[in-house]
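A.B. asks: next come a sequence and a model predicted from it.
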Amino acid sequence: MLVEICCDGLDAARAARAAGADRIELCADLSCGGVTPTHEELDQMGGFGIPVNVLIRPRGGNFVYDYNEIHHILFNIAYCGNAGISGVVVGALDNRNHVDRMLCQDFVDIAHSYNLSVTFHRAIDEAESPLDALETILSLGVERVLTSGGALSAPQGAPVIKKMVEMAKGTGTIIMPGGGITKDNALQLIRDTGVEEIHGSRKELTGIKRLI
């Protein structure tokens, strides 16, 4: 079982690495759900010792972006590609709360051109239909999808996450639950859904690998 830890800064990332995290999702300002960290932080993440995926999100709020925000996302994907980062965490919706397929394909294509893996983030949980959104996301060729199954927490969304895992079989895309996962509920969630990766905070998941 791979455990990814969300970290809002270098100190948190170092602490998560020391605690046994398999991978880091690096971001800033978790109070709004996370935004892109500074370039100064990104420059220090190459050779970190474990994979680091970076959240590429220009602001909190919804996932419908204007021209300047799209430019920010594309620029920062490329910046990560030149900074020794392992992957990026991106996503976008349109005004109908459907996955913006053409825009997201651009994100994926530029990321892959820099050999970055791509995680589609929890914009999927804001989509009109997370399962319909997943069908579109699977066509993009992303490496994984971070989701709570459209619920407030991944344990609450376990039935939908299980369906997502079934939908993704054979596609090369991993379904990774995130949101409200703790040492107390992680094992049951894994059993209920069949996932191979989980995502959470260092505070909640430190020591989890001794249980799974």
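C.D. replies: Cool, the structure landed. Numbering: from 1, shown residues only.
A.B. asks: what lies in contact with stretch 149-157?
C.D. replies: Contacts to stretch 149-157, defined as Cβ atoms under 8 Å, 6 or more residues apart in numbering, come from residues 124-125, 127, 130, 147-148, 158-161, 164, 177-181, 185, 188-189, 198. Heads up, the C-betas are built off the backbone N, CA and C, glycines and all.
A.B. asks: among the residues you listed, name the buried ones.
C.D. replies: Buried members of those, counted by 16 or more other Cβ atoms under 10 Å: 124-125, 127, 130, 147-148, 158, 160-161, 164, 177-181, 185, 189, 198.
A.B. asks: among those, name the ones in helices.
C.D. replies: Secondary structure from DSSP state H places 130, 158, 160-161, 164, 189 of the buried ones among the contacts of stretch 149-157 in helices.
A.B. asks: next, the buried residues of the helix or strand bottoming out on mean pLDDT in the chain.
C.D. replies: Counting by mean pLDDT, DSSP states H and E, the chain has its least confident helix or strand at helix 202-205, which shows a mean of 76. By 16+ other Cβ under 10 Å, the buried positions in helix 202-205 come out as 202, 204-205.
A.B. asks: over to stretch 156-173?
C.D. replies: Buried positions in stretch 156-173, judged by neighbour count with 16+ other Cβ under 10 Å: 156-158, 160-165, 167-168, 173.
A.B. asks: now render the residues you listed as CSV, adding pLDDT and distance to residue 80.
C.D. replies: Putting the buried residues of stretch 156-173 into CSV (pLDDT from 0 to 100; distance: Cβ to Cβ, whole Å) gives the following:
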residue, pLDDT, distance to residue 80
156, 98, 32
157, 98, 29
158, 98, 32
160, 98, 30
161, 98, 27
162, 98, 32
163, 98, 31
164, 98, 26
165, 98, 28
167, 98, 28
168, 98, 24
173, 98, 20
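A.B. asks: got a markdown table for the residues you listed, with distance to residue 45 too?
C.D. replies: Output for these, formatted as a markdown table (distance: Cβ to Cβ, whole Å):
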| residue | distance to residue 45 |
| --- | --- |
| 156 | 33 |
| 157 | 30 |
| 158 | 32 |
| 160 | 33 |
| 161 | 29 |
| 162 | 33 |
| 163 | 34 |
| 164 | 29 |
| 165 | 30 |
| 167 | 32 |
| 168 | 28 |
| 173 | 24 |
